[in-house]
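In: Requesting a structural model of the entry that follows:
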Amino acid sequence: MFDGDLKMADICLTFAFERCLASSKANKRLILIYLIPVRMLLGILPHNTLLQKYKLEEFEGISNAVKTGNLRKLNEELERNEAFFISCGIYLILEKLKMITYRNLFKQIAGILKTHLLPVPAFTEALKMMGVEDIDTEETECILANLIYEGKIKGYLAHQQQKLVVSKIQPFPSL
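Out: The predicted structure follows:
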């Protein structure tokens, strides 16, 4: 998990969770504290019923923010539950959810614009509306370039034209 091997962490933590006795609710909760962030980074968001059952409501707002691409809400939830996440040692892992949140926000913008030639300034404006301060086109291009590199967006940047050119077939692959 901390080495960046999320798939192996998911396998090991899921194995531990499934073999934990049903009566060991505290142990199951401890496993979930680490399994939930791993799964979220893999694109699998937890159900609210699971979070409520194990008293892990700290993840509810984060899950909803990531799903809806609401960067402002994600930052607020991380800040609100910062002490809990730091004490569990998962704060920095949860910070990585920002890239998935960017992807989901940008996917919504692409859906609104309904074209494969997307103006980078549209993404910059969306980020400003989400409370990202001092963001400019170059920084937005950097975020987009990272999303492309990570395989979260299929496309390329046309820097001169300030456009993101996305694939006409599944430009935002499932995570």
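In: What about the closest residue to I33 other than its chain neighbours, how many residues nearby?
Out: Using C-beta to C-beta, 6 or more residues apart in numbering and skipping residues adjacent in sequence, the residue nearest I33 is C88, 5.2 Å away. Every C-beta, even on glycine, is put in place using the N, C-alpha and C of the backbone. For C88, the count of nearby residues is 16 (other C-beta atoms under 10 Å).
In: now the helices: where do they sit in the protein?
Out: 6-19, 25-41, 48-53, 60-68, 71-80, 82-88, 91-95, 97-113, 120-129, 137-149 (DSSP state H).
In: Who are the contact partners of E95?
Out: E95 makes contact with L78 under the criterion C-beta atoms under 8 Å, 6 or more residues apart in numbering.
In: how close does it get to E60?
Out: 18 Å (C-beta to C-beta, to the nearest Å).
In: Then M8?
Out: 27 Å.
In: swap in K7?
Out: Distance from K7 to E60, by C-beta to C-beta: 25 Å.
In: Okay, buried residues for stretch 115-135 please.
Out: L118, P119, V120, A122, F123, T124, A126, L127, M130, V132, I135 (16 or more other C-beta atoms under 10 Å).
In: now stretch 59-68
Out: Within stretch 59-68, the residues scored as buried using 16+ other C-beta under 10 Å are F59, G61, I62, S63, A65, V66.
In: Who's the closest spatial neighbour of the fourth one, skipping the chain neighbours?
Out: Spatial nearest neighbour of S63, chain neighbours left out: L45 (4.8 Å); criterion: C-beta to C-beta, 6+ apart.
In: what's near enough to touch that neighbour?
Out: Applying C-beta under 8 Å, 6+ apart, the residues contacting L45 are R39, S63, V66, K67.
In: same deal with G155?
Out: H116, I148, L164, V165, V166, S167, P171.
In: closest one to L157 among the helices of the chain?
Out: Taking C-beta to C-beta, helix 137-149 is the member of the helices of the chain nearest to L157, at 5.7 Å.
In: What average pLDDT does that closest one get?
Out: Across helix 137-149, the average pLDDT comes to 96.
In: Name the surrounding residues that touch that helix.
Out: Under C-beta under 8 Å, 6+ apart, the answer for helix 137-149 is 99, 102-103, 106, 120-121, 123-124, 127, 153-157, 159, 162, 164.
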